[in-house]
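> Attaching a predicted model along with its sequence, questions to come.
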Amino acid sequence: MTTVETTRRLTGAKAMVEAIAQEMERDPSVIVLGEDVGAYGGIFGSTTGLLDTFGPERVLDTPISETAFIGLGIGAATEGMRPVVELMFVDFFGVCMDQIYNHMAKIHFESGGNVKVPMVLMTAVGGGYSDGAQHSQCLWGTFAHLPGMKVVVPSNPADAKGLMTAAIRDDNPVIYLFHKGLQGLVWMAKQSRSVGDVPAEAYEVEIGKAAVVREGADVTVVTLSLSVQHALEVAEELAAEGVDVEVLDLRSLVPLDRDAIVASVGKTGRLVVVDEDYQSFGLSGEIVATVAERGVALKSAPVRVAVPDVPIPYARELEYAVLPRQDRIRAAIRKVVG
Amino acid sequence: MEDKTRADLYTTMVQIRAFEEAILADYHADKKPAWDIGAGLIPGEMHLSAGQEPVAAGVCAHLDNRDAVTATHRPHHFAIAHGMDLNKLAAEIYGRETGLGRGRGGHMHLFDPMTHFSCSGIIAEGYPPALGQALAFKRQGTGAIAVAVTGEGAANQGAFHESLNLAALWNLPVVFVVEDNDWAISVPRAASTSVMSNADRAAAYGIPGVRVEDNAVEGVYDAADEAVQRARSGGGPTLIEVHTLRLWGHFEGDAQAYRPELAEVPARDPIPTYEQQLIADAVLDETKVEELRAEARQRVEAALEFAKSSPTPDPSTATQYVFA
Ligand SMILES: Cc1ncc(C[n+]2csc(CCOP(=O)(O)OP(=O)(O)O)c2C)c(N)n1
């Protein structure tokens, strides 16, 4: 009897590509479009090899015209296709936001539920490599603030695949934000967890279900994306000091798994939120508000570790000072456990 | 064209190339053995303009410090040709406190009030601010003009078309420059642009459009001469497209696997070609060429020395300069 190998170690990028390829295989209405998604294979490797397999009718390089091609994705989606559209860096949404939040996200509502927009808008987020203020943002809080689109943010290759599959199959517009530092790219500093076990068959990770990625009794770290990996590193270190950290990976902002947050913080009684987006008016405030509204009793005041409302600076010293890196996460946990 | 003008154009081009060769060396030096874009003396993305020197040299020859230039994510050639202080430019690229933006901006975000220079990492988004600079100059009656630069890929962006229309409508003193290097990262012009030449698009907005072929610095100089005079004298905007060359990758580290004509690229380098022409025309000789190159390298060495010996920014100041 032969055994079927069901898990292999893939990078975040390869996991995304595998999900897209399997859905393209399964469903002829899935197409991929965006800047440099063809021969280049996506600047962050999110479409590598798709052109060779599926050809230029289904993998379309676009002009640098985000308003036009994201809007095109919307129109195609309303007519029964399932476009996966790449906006190269999330920071570029400024040139095409109207199509995203006034059209993609509102058509279903405005049509009284009669028109569906089943598209995925995937885009790269995050800093840490001195790419400056226009190429290093996360901005997921902005999309989550505006109603009508699901917002998913994987933190590891297995989720990158399962969330992409779920996003493509979803009948709603889904913004899929992948962190450059988790793609396992040859030209980025190695993040050991940007490579991980990924099942070979197609599967969905349910959108809207958080994951307890490390169980602990003393403090809950609520986080997402690359910060999950930073938090896990810190948790392992602190375990040696006798601090038992629980790490909750949100996986999506919309829907937000508020029950999972409440359950975890209810158990530990202490909360640290780690968010690579700007601090004010964003995800971190939403988490704290959820805990407060649900009346969870806390043993100490919650602490937020986010970008302190400053554009991401270029110089490495300055960028490291504003990002939620391990040093700041460690200090925050120490503070709440007193 | 006068010998002096020709020699000056050459000198500007050589100055730009010397600067970028030095940046290139430092950029790659400490990213080995394992390539890590965030590591080393110069971290982050690096878009060098090698091959596109004729555009900046030819246009900026007609400008002075009063005039504004809004450049792209590939800004060094225009920055240098427009007279930016090399020390401050280098220091910004090295992320130092003495840089143009105190290390906050980086190579795609250069802002220099001395030369009214700015640039944007977001495609085509340098065009609209140029309109405002032009409007301000017009109201102030200084005679200054604004020059806005994009690549041919960016000319498919809404901001490009909106800006041409508004500049034409309000008769603003702007010169629009398109650098057609055939490629927008991996996407060739033929796959992105519905017309052969962006100069044709000017007609849609009722303004003159000129295309300069063959990366010819003197052709750029002549076209810009006319456009700048038109703008300064109240004649309104012009669009100039130059067929130029991206000699290196889109960014450093780009293997350009998508690029079929790669083998022919080095032979199309505009600097040796122009140099030979000037020597043949007895504008320069070998000795003079060597002298100009050496001077350019010296200026660059001094700038890099300044940058590398400057302090890195103090992390405790990371949240400064969000508000005035
Ligand atoms: C709005 C926006 N979309 C996409 C990008 C990513 N991007 C950066 S440079 C580039 C190609 C630009 O091509 P072109 O305008 O021809 O200029 P070149 O790089 O060839 O000088 C792209 C797509 C961006 N910076 N901004």
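Noted; the coordinates are in hand.
> now do the same end-to-end measure for stretch A:295-308.
27 Å (Cα to Cα, to the nearest Å).
> Now do the buried residues in that stretch.
A:296, A:298, A:302, A:303, A:304, A:305, A:306, A:307 (16 or more other Cβ atoms under 10 Å in any protein chain shown). Where you see a C-beta, it was placed from the backbone N, CA and C, and this is true even at glycine.
> Please identify which of the residues you listed is nearest to chain B.
residue A:307 (9.7 Å; Cβ to the nearest Cβ).
> Then residue A:70 would be within a strand, right?
No. Counting by DSSP: H, G, I helix; E, B strand; the rest coil, residue A:70 is not found in a strand; it is helix.
> State the distance from it to residue B:173.
Going from residue A:70 to residue B:173 by Cβ to Cβ, to the nearest Å gives 34 Å.
> re the thing from before, among the buried residues of stretch A:295-308, which lie within strands?
Of those, the ones assigned to strands by DSSP state E are A:303, A:304, A:305, A:306, A:307.
> For the third one, give me its contacts.
Applying Cβ atoms under 8 Å, 6 or more residues apart in numbering or on different chains, we find residue A:305 in contact with A:272, A:273, A:274, A:275, A:324, A:328, A:329, A:332.
> By neighbours, which of the residues you listed wins?
Taking other Cβ atoms under 10 Å in any protein chain shown as the neighbour criterion, residue A:272 ranks highest of the contacts of residue A:305 with 31 neighbours.
> From the structure, what's the count of residues near the closest residue to chain B within the stretch 51-200 of chain A?
Closest residue of the stretch 51-200 of chain A to chain B, Cβ to the nearest Cβ: residue A:129 (3.0 Å). Residue A:129 is flanked by 22 other residues according to other Cβ under 10 Å.
> surely it meets residue A:188?
Yes. Between residue A:129 and residue A:188 there is a contact at 6.6 Å, judged by Cβ atoms under 8 Å.
> So is stretch A:42-50 next to the ligand?
No. Using Cβ under 6 Å from any ligand atom, stretch A:42-50 never reaches the ligand; the gap is at least 7.8 Å.
> Whether that stretch contacts chain B - can you check?
Yes. Using Cβ under 8 Å from any Cβ of the partner chain, stretch A:42-50 reaches chain B at residue A:43.
> With only the CA atoms kept, save that stretch in PDB.
Only the C-alpha atoms of stretch A:42-50 are listed here, as PDB (Å, rounded to 0.1, in the frame of the first residue of the first chain):
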ATOM      1  CA  GLY A  42       3.900  38.500  -8.500                       C
ATOM      2  CA  ILE A  43       6.400  40.800  -6.800                       C
ATOM      3  CA  PHE A  44       5.900  38.900  -3.600                       C
ATOM      4  CA  GLY A  45       5.600  35.500  -5.300                       C
ATOM      5  CA  SER A  46       1.800  35.200  -4.900                       C
ATOM      6  CA  THR A  47       1.200  34.100  -8.500                       C
ATOM      7  CA  THR A  48       4.400  32.300  -9.400                       C
ATOM      8  CA  GLY A  49       3.900  29.700 -12.100                       C
ATOM      9  CA  LEU A  50       0.200  30.400 -12.700                       C
END
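> Now that stretch: average pLDDT?
Mean pLDDT, stretch A:42-50: 98.
> Next: stretch A:205-221.
98.
> Next, the distance between the ends of that stretch.
For stretch A:205-221, the end-to-end distance is 21 Å (Cα to Cα).
> still on that earlier bit, ok, of the contacts of residue A:305, which one's closest to residue B:266?
Minimum distance to residue B:266 across the contacts of residue A:305 is 44.7 Å, recorded for residue A:324 (Cβ to Cβ).
> The most centrally placed residue in chain B: helix or strand, and which one exactly?
Residue closest to the average C-alpha location in chain B (Cα atoms, centre = their mean): residue B:78, at 3.2 Å. Assigned by DSSP states H and E, residue B:78 falls within helix B:76-81.
> before we move on, what about residue A:8?
Counting by DSSP H and E, residue A:8 is part of strand A:7-11.
> Paired strands for that strand, with orientation please.
strand A:195-199 (antiparallel) (DSSP bridges).
> what comes up buried for stretch A:25-45?
Neighbour-count burial for stretch A:25-45 [16+ other Cβ under 10 Å]: A:30-45.
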